[in-house]
Structures are given as C-alpha cells and as structure tokens.
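Asker: curious how this folds, go ahead:
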Amino acid sequence: IQELLRVMRTIDDRIVHELNTTIPTASFVGKVDPGQTCKELYQSLMDAHTNRERIIKNCISQTSAVVKTLKEEREKAHEDAALLKQLRKEQTKLKLMQSELNVEEVVNDRSWKVLSHLTVMMFCPNRQS
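Answerer: Below you'll find the model as predicted:
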C-alpha cells in the first residue's frame, strides 16, 4: 500500500512543477484561461486527496477487523505462538496505516498552501505575500 500511496502522491510532490506548466506566462495569458487551469488543477488535487484518504481508511477498517478477530481467537488459544505472531504483524500494519493518515494530512496541507500562494500571486501580482 505504501508504494501505491507514493505513486498516488506524485501530483502533490510535483505541485510546483504542475503549477509552472499549467499557469500561463505573460506571453501566453491570452491563449490560456488561467482560472480554468487553476480550477482543473484544484479538482485534480481534490480527487487525488479524496481517493488516497478513502484507500487508507478502507485499509484501516479491514486491518482493524482482522486485528479484532485475531484478538478474539487469541483469547481462546493463549498458547498459540503463530496466532500471536500474526496478531502482532496485523497490529503493526494497522499502526502503519494510521500513520499514513497523518502523512496524508501533511502532504495535503503542503499542496494546498503552495496552490493557494501561487494562485494569489498569479491573480493578484501586486499583492505582497
């Protein structure tokens, strides 16, 4: 899942590049609608963030169910070392997925700040930021 999330975070990792290639320079302002371009980039970010959050929360939900089942089985079979090992493995996976939610929050926040800052600069070039 971490590899999938890494690939899915490409838009966030390249936000400055995306903005530089989608927002027109002064010589192309008449040929490209910067408002529409920003709207499309905004929608792409929203979709990416929504999809990643949904995937992470789905994994957390599934892993939580597995952990719950393993805990119940562990209550019945205290001496089963393989069961204990599997429970610990699933608990570790659950913690990793929960930490991915925190990473996602940081990644999203950074992207929105960059998008917001550059959008203000583009539409209000005389404004101090």
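
Asker: pLDDT below threshold where in this structure?
Answerer: 19-32, 34, 118-129 (pLDDT under 70).

Asker: look up the closest residue to L96, ignoring the ones flanking it.
Answerer: Q2 (7.5 Å; Cβ to Cβ, 6 or more residues apart in numbering). Quick note: C-beta positions are derived from backbone N, CA and C, even for glycine.

Asker: burial measure for K113, as a count.
Answerer: 11 (other Cβ atoms under 10 Å).

Asker: quick check: which element contains it?
Answerer: Secondary structure assigned from DSSP states H and E places K113 in helix 81-123.

Asker: for that helix, the distance to its chain's centre please.
Answerer: 6 Å (Cα atoms, centre = their mean, to the nearest Å).

Asker: counting by contacts, list what it packs against.
Answerer: The contact analysis (3 or more Cβ pairs under 8 Å, 6 or more residues apart in numbering; DSSP states H and E) places helix 81-123 against helix 2-8, helix 10-13, helix 15-22, helix 34-76.

Asker: the residue of the chain most remote from its centre: what secondary structure?
Answerer: Distance from the centre of the chain peaks at E79, with 40.1 Å (Cα atoms, centre = their mean). The assignment at E79 comes out as coil when based on DSSP: H, G, I helix; E, B strand; the rest coil.
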